[in-house]
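Novice: Next input, structure requested:
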Amino acid sequence: NTENDKTSANDDDGSSPTTLQIQSTIATATSNLASSKATLMAKSNITNYAFLNETAKVKLYVNLPGVGNCSNDNITLDFTERSLCLTVKEYVRIEMEKTPKEKGKYAMKGKKTKKELDESSDDGKNESSLVVDTAPKEEEVVPAIIQHSPEDKCLAFGKLFGEIENATYKKKPDKLIIILKKMDKRTWRSVVA
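Specialist: Numbers count the residues shown, from 1 in each chain. Now for the predicted structure:
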């Protein structure tokens, strides 16, 4: 018996079982990758970003107020030559809201307001008093911090406009800057193909 005889004895078509297993594994991996990209695209919940095309790189500016407070361990950037996925786990959105300051009285102490003078003139006494009539002041506001519940944020592109060889990010207090190193110097008209 030769080696070929053993193979043909095991398989009717003469192919090696190992080869079939590898092809099956590749098909499963390809299917899982396509499924993963679809899942990433579905969970992409960051919709506000800007990009800048440069000769050798593309920069994405992703506004996320308060992202500077996130741990670097909670920020991941996964990429292939044609896809990209930014994930910020447990992102806490922080907003500054202006709330009205409690309104105070604007009349001078010891003097009567117009309303008080009108009320007192009903009693028939004709008092001569200084009336302080103030124009309504513009509503004074004070900043208040509103902190929302933690949530995962994701920005995913299943097919980039061009191929990239590397992706990195820089964290700023209120935004992330993603830097994509292009494989060629072709101008990107958008981020997606």
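
Novice: any idea how far K181 is from the residue nearest to R186 when sequence neighbours are not counted?
Specialist: The shortest distance from R186 to any non-neighbouring residue, by Cβ to Cβ, 6 or more residues apart in numbering, is to G162 (5.7 Å). In this view, the C-beta of every residue, glycine as well, is placed from N, C-alpha and C. Relative to K181, G162 is positioned 11 Å away (Cβ to Cβ, to the nearest Å).

Novice: Where does the prediction get shaky in the protein?
Specialist: 1-42, 96-145 (pLDDT under 70).

Novice: Run through the helices of it in chain order.
Specialist: For the chain, the helices defined by DSSP state H cover 3-10, 17-43, 114-121.

Novice: how about the strands of the chain, start to end?
Specialist: 49-53, 57-63, 75-79, 84-91, 94-100, 112-113, 131-132, 141-147, 151-157, 164-171, 175-182 (DSSP state E).

Novice: hang on, the earlier thing: please look at the residue nearest to R186 and D184 and confirm they touch.
Specialist: Yes: counting by Cβ atoms under 8 Å, G162 does reach D184; the two are 6.7 Å apart.

Novice: neighbour-wise, which of the two wins?
Specialist: G162 (19 against 8; other Cβ atoms under 10 Å).

Novice: quick one: contacts for that one?
Specialist: K182, M183, D184, R186, W188, A193 (Cβ atoms under 8 Å, 6 or more residues apart in numbering).

Novice: roughly how far apart are it and E90?
Specialist: For G162 relative to E90 (Cβ to Cβ), the value is 32 Å.

Novice: So what does G66 look like in phi/psi?
Specialist: phi 90, psi 0 (degrees, to the nearest 10).

Novice: how close does it sit to R186?
Specialist: Distance from G66 to R186, by Cβ to Cβ: 36 Å.

Novice: Return the closest of the contacts of G162 with respect to A50.
Specialist: W188 (12.9 Å; Cβ to Cβ).

Novice: quick revisit: name the residue in G66 and R186 with the higher neighbour count.
Specialist: Using other Cβ under 10 Å, the more surrounded residue of G66 and R186 is G66, with 17 against 12.

Novice: Check the contact between that one and R93; I expect there is one.
Specialist: Yes: between G66 and R93 there is a contact under Cβ under 8 Å: 6.5 Å.

Novice: What is the neighbour count of the residue nearest to A56 when sequence neighbours are not counted?
Specialist: Leaving out its chain neighbours, the residue that sits closest to A56 by Cβ to Cβ, 6+ apart is K182, at 6.0 Å. Here the number of neighbours of K182 (other Cβ under 10 Å) works out to 21.
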